[in-house]
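Engineer: next comes the sequence, and after it the predicted model I'd like to discuss.
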Amino acid sequence: MQQTIGITTVDVNDEGYLTDPGQWTPELAHQIAQAQGFELTDKHFEVLHYLRDRYAEGTPLTIRRIGKSGLVTIKEFYDLFPGGPLKVSSKIAGIPKPASCV
Amino acid sequence: MEAPATYTDPTTKKADEHPVRKVLVIVSKGTLEDVYAGLIMANGALMEGMEAKMFFTFFGLEAIRKDRQDHLHTSTVGNPAFMQKMPTMLGGLPGFEALASAMMRKEMDKLDIPPVSEFMEMIVAGGGEIYGCKLAVEMFKIEEDEFIDDLAGVITVGDMYALAEGEGAQIIFI
């Protein structure tokens, strides 16, 4: 299905995750984050780009791996993306919801 | 072009849906698989944006003891689901349980499941809290310095129930 976020219309699934990561723009990320109730900083974008790069490589994402990325600690990751960090950050990064239990 | 009215996230929960907001996981067993079940459920709750607390009692205390938590074993005797084709007697051979437990830990590592100590650090980093049971600690005569540094406290059963206070709280017993 299609959804208009800000001024762009993108393809999303029923949970609001972009189905084509190629449609992602930093502006879109700002809009999705605002809907979640927070503003993005440079630190957020470092994490978002890391997530997008790992997704493009086909590496499964887990909280543990992000903690070992050297970008953020696990605590910082939780603080940056409140309300379920891996899910929320993936949605903002325009990649599918991670199917991870850890 | 003008931006349309505010975009609402389609997954935003409605007030009348009674979502789970908090879990209290009680771990009463000290086997590898039982402790991991508790850790995975508590960590999974944090990952979903819920609150999570853990309460370790009886043999579950093994999981919060610094020198023991990363050496938990799985039971190879009296566990019918373990290697179904293997005669039960073999499970009792010296060293067999240690070998099976080491193999299981190796398989878990492949799935990015961390050792117990690291798992607990992840849970605490995510805002989770870990407690020990006062009665069991006294019964096993465990000293405070034997526990992990991240332990939030050794508490009574009454204090434990208080951890699950509030709307949308669930208690899981293992």
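Structural biologist: Yep, it's here. None of the values given here were measured: they were computed from a predicted structure. Residues are numbered from 1 along each chain as shown, chains lettered A, B, ... in the order given.
Engineer: okay, now the residue of chain A at minimum distance from chain B: neighbour count?
Structural biologist: Residue of chain A nearest chain B, by CB to the nearest CB: residue A:84 (3.5 Å). Backbone N, C-alpha and C define where each C-beta goes, glycine included. Residue A:84 has 19 neighbours, counted by other CB atoms under 10 Å in any protein chain shown.
Engineer: can you pull the phi/psi pair for it?
Structural biologist: In terms of degrees, to the nearest 10, the main-chain angles of residue A:84 are phi 100, psi 80.
Engineer: now do the contacts for it.
Structural biologist: Neighbouring residues of residue A:84 by CB atoms under 8 Å, 6 or more residues apart in numbering or on different chains: B:47, B:48, B:49.
Engineer: which parts of chain A sit against chain B?
Structural biologist: Neighbours of chain B within chain A, by CB under 8 Å from any CB of the partner chain: A:3-7, A:12, A:14-16, A:31-32, A:35-36, A:60, A:62-65, A:67, A:73-75, A:78, A:82-88, A:100-102.
Engineer: and the helix or strand that contains residue A:92, what does it pack against?
Structural biologist: Residue A:92 is part of helix A:85-93, with elements assigned from DSSP states H and E. The contact analysis (3 or more CB pairs under 8 Å, 6 or more residues apart in numbering or on different chains; DSSP states H and E) places helix A:85-93 against helix A:26-36, helix A:42-57, helix A:63-67, helix A:74-80, helix B:32-47.
Engineer: for the first one, the distance to its chain's centre please.
Structural biologist: Put plainly, it is helix A:26-36. Distance of helix A:26-36 from its chain centroid, counting by CA atoms, centre = their mean, to the nearest Å, is 10 Å.
Engineer: point out where chain B drops to low pLDDT.
Structural biologist: B:1-16 (pLDDT under 70).
Engineer: at 80 instead, please
Structural biologist: B:1-18, B:83-84 (pLDDT under 80).
Engineer: looking at chain A, which helix or strand does the model trust least?
Structural biologist: None of the helices or strands of chain A scores lower by mean pLDDT, DSSP states H and E than strand A:2-5, at a mean of 78.
Engineer: could you give me the buried positions within that strand?
Structural biologist: residue A:5 (16 or more other CB atoms under 10 Å in any protein chain shown).
Engineer: the residue in chain B that chain A sits nearest to: what's it in contact with?
Structural biologist: The minimum distance from chain B to chain A, using CB to the nearest CB, falls at residue B:49 (3.5 Å). Residues in contact with residue B:49 (CB under 8 Å, 6+ apart) are A:82, A:83, A:84, A:87, A:88.
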